[in-house]
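1. quick one, fold the following:
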Amino acid sequence: MSQFGELEAAIMDAVWVAGKPLRVREILEGLGRDPEPAYNTVHTVTEILYRKGWLSKEKDGRAFRYGATKSREEYVAGLMGEALSVADDRTATLARFVQQMQPGEAEELHRLLGQAVAREVSE
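-> Numbering: from 1, shown residues only. Modelled structure (predicted):
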């Protein structure tokens, strides 16, 4: 998994924020960029995201609607997994990551890890 390019990230953000499939025109309006990118550019990048499997595509009259196939959280988790895959020492990398967390985030991570361990024991 690679990180989205700037326009790919903006398109995905517009679709994630909307929470529903959008037409290219609606995506373009949701970008809020100045200057506004060309419709054809947004359409091309939206099609690329569709071919990469990040967007679904459904016919809507003469146009198409594009919806997210994965959540923002799944995307970020994939990036985190990719970052860990290049680490020489995954444990040290995870320790450094946890050290940089805010206290509330560390507590939530601890709770989630406890749930994961409990699930493994019960299976």
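2. show me the strands in this structure, by range?
-> Under the criterion DSSP state E, the chain carries strands at the ranges 55-60, 63-68.
3. for the last one, which positions count as buried?
-> Within strand 63-68, the residues that qualify as buried are Phe64, Arg65, Tyr66, Gly67, Ala68, counting by 16 or more other C-beta atoms under 10 Å. All C-beta atoms are positioned from the backbone trio N, CA, C, and that covers glycine.
4. can you name the residues that contact the last one?
-> By C-beta atoms under 8 Å, 6 or more residues apart in numbering, the contact list for Ala68 reads Met12, Val15, Trp16, Trp54, Leu55, Ser56.
5. with adjacent residues omitted, what lies nearest to Asp17?
-> That one is not Asp; residue 17 is Val. Gly30 (6.8 Å; C-beta to C-beta, 6 or more residues apart in numbering).
6. pLDDT weak spots in the protein?
-> Residue ranges of the chain with pLDDT under 70: 1.
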